[in-house]
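Engineer: Take this sequence and fold it.
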Amino acid sequence: MRVRWVEWEGAARTAITLRRWTARLTSDVDVGEILADFAARGDRAVLELTNRFDATGQPLDSLAVDPAQAEAALGALEPQLREAMELASANIRAVAAAQLVSGPSQATLPQGQTVTVREVPMGSAGIYAPGGRAAYPSSVLMCAIPARVAGVGSISLASPPRPDGRLHPLVLAAAALCGIDEIYAMGGAGAILALAYGTETVVPVDVIAGPGNAWVREAKRAVCGRVAIDSYAGPSELMAIADADTDVELAALDLCAQAEHGVESPLVAVAGDGLVLEGIAAAVDAAAATRPSVADAQLALVQAPDAESAIAFANCHAPEHLQLMTTDAALLADRVTTAGCVFVGARSATAFGDYAAGSNHVLPTGGAGRFSGPLGPGVFRRKISTVEVPAEAAAKLAPHVDVLARAEGFPVHGESAMIRAEP
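Structural biologist: Below is the predicted model of the structure:
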């Protein structure tokens, strides 16, 4: 575990320093060449990328996966694992359903016209679940269930196959559990481009959601506008705020848990007492020494003057996950305004949110919590306005529309309104 101390320069400036450090952990990628190849060759380009990076032992000849494989995988799950997945699914569904808007909003204006704004589900969604040598059925649940709750008509799943050319059985089982309509064995930037533009095999979608590596993130950036996306989610992040009463062994284990996401995932511990931070650093080193999967992680230690400064710093930094492990955690939680997800109290480990608490683990990273939030059904819905102008309202509005339209150089707009004002 590599540990560094970050000097306190005030909440805002310390957050800037830390964000620059975390930015250096990630590598820049460019998907322009892949986009050009995809535009020219479609299916063949995606298949070549998938066979080159994923299905290295058994090359694929098709991107499509028979849904019967998903049903078979679900049926083959060990009972305890299936029970855990079904519990997680039920909790995710309950939290997603609670976020739905109760109904349309309608305003009747003084001139007599009514404007109604309602939400409608998008027609289709593409879910990306990282895969290949690892399996992330939790990401399938986190993305597909909110889409189902939102009322999306058709859901497609893209996930990279293993070297043997098949999707991991756990990913397939999660797909069956969610009732996914189309399944494709493809990964990386090629998968995102295929979902956005469509190919001979892949049906294009209206919105793409799901976590991924830097190539997936940049491909989502490239297709944004062609389709909607959930966010530019990057490497996982965790900030833990501690005090003298914090159990440093628990804090260390939580930090190490997030370190399993890879060396690009920044970890931050904040406390007002330098001795507490030293204790966390020592506990992290001890934990990492017996856990090879987290040995190369990056941990930053920040000594803030007090709890108020620590929260101000967290709000400036906007971490993906924020654990409040202090005595007054419940009081501090309401003052957090930018974190993707806040975990309150000693027992509220981020791992619960990653899997089964019901909150979503697709969260804003890289400071994006300043303007975005967790993945939910709202990502899969859009607003639509309906305007009804009766005769009396038309007579009152038309002269104003005519004046404004002519001022902008659009006289026919004015005529279109004025003719409605005639008896």
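Engineer: Now for residue 373: which residues touch it?
Structural biologist: Counting by CB atoms under 8 Å, 6 or more residues apart in numbering, residue 373 makes contact with 340, 363-364. Heads up, the C-betas are built off the backbone N, CA and C, glycines and all.
Engineer: quick one, phi/psi of the most centrally placed residue in the chain?
Structural biologist: For the chain, the residue nearest the mean C-alpha position is residue 362 (3.2 Å; CA atoms, centre = their mean). In terms of degrees, to the nearest 10, the main-chain angles of residue 362 are phi -90, psi 100.
Engineer: other SSEs contacting the worst-scoring helix or strand of the chain on mean pLDDT?
Structural biologist: Least confident helix or strand, the chain: helix 11-25 with a mean of 86, by mean pLDDT, DSSP states H and E. When contacts are defined as 3 or more CB pairs under 8 Å, 6 or more residues apart in numbering; DSSP states H and E, helix 11-25 packs onto strand 2-6, strand 266-271, strand 298-303, helix 307-317.
Engineer: Out of those, which gets nearest to residue 150?
Structural biologist: helix 307-317 (29.4 Å; CB to CB).
Engineer: Quick check: residue 258 touching residue 267?
Structural biologist: Yes. Residue 258 is within contact range of residue 267, at 6.1 Å (criterion: CB atoms under 8 Å).
Engineer: any residues in contact with both of those two?
Structural biologist: Both residue 258 and residue 267 are in contact with 237-238, where contact means CB under 8 Å, 6+ apart.
Engineer: can you give me the strands for the stretch 151-300 of the chain?
Structural biologist: Here the stretch 151-300 of the chain has its strands, by DSSP state E, counting those that start in this stretch, at 154-159, 182-185, 207-209, 228-229, 238-242, 266-271, 298-303.
Engineer: Let me see the domain layout of the protein.
Structural biologist: Listed by automatic domain parsing, the domain ranges of the chain are 2-26+235-357, 32-105+121-230, 389-421.
Engineer: Among the ones you listed, which comes closest to residue 381?
Structural biologist: domain 32-105+121-230 (5.0 Å).
Engineer: Show me the shaky parts of the stretch 151-300 of the chain.
Structural biologist: Within the stretch 151-300 of the chain, no range satisfies pLDDT under 70.
Engineer: mind listing the helices for it?
Structural biologist: Under the criterion DSSP state H, counting those that start in this stretch, the stretch 151-300 of the chain contains helices at 169-178, 188-197, 214-223, 248-259, 274-289.
Engineer: possible to save the ones you listed as JSON lines with mean neighbour count and distance to residue 399?
Structural biologist: Shown next, in JSON lines, are those (neighbours: other CB atoms under 10 Å; distance: least, CB to CB, whole Å):
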{"stretch": "helix 169-178", "mean neighbour count": "25", "distance to residue 399": "54"}
{"stretch": "helix 188-197", "mean neighbour count": "28", "distance to residue 399": "45"}
{"stretch": "helix 214-223", "mean neighbour count": "21", "distance to residue 399": "45"}
{"stretch": "helix 248-259", "mean neighbour count": "22", "distance to residue 399": "62"}
{"stretch": "helix 274-289", "mean neighbour count": "18", "distance to residue 399": "69"}
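Engineer: Distance to residue 350 added to those, as a markdown table?
Structural biologist: Compiled in a markdown table, those are given as follows (distance: least, CB to CB, whole Å):
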| stretch | distance to residue 350 |
| --- | --- |
| helix 169-178 | 21 |
| helix 188-197 | 26 |
| helix 214-223 | 21 |
| helix 248-259 | 6 |
| helix 274-289 | 15 |
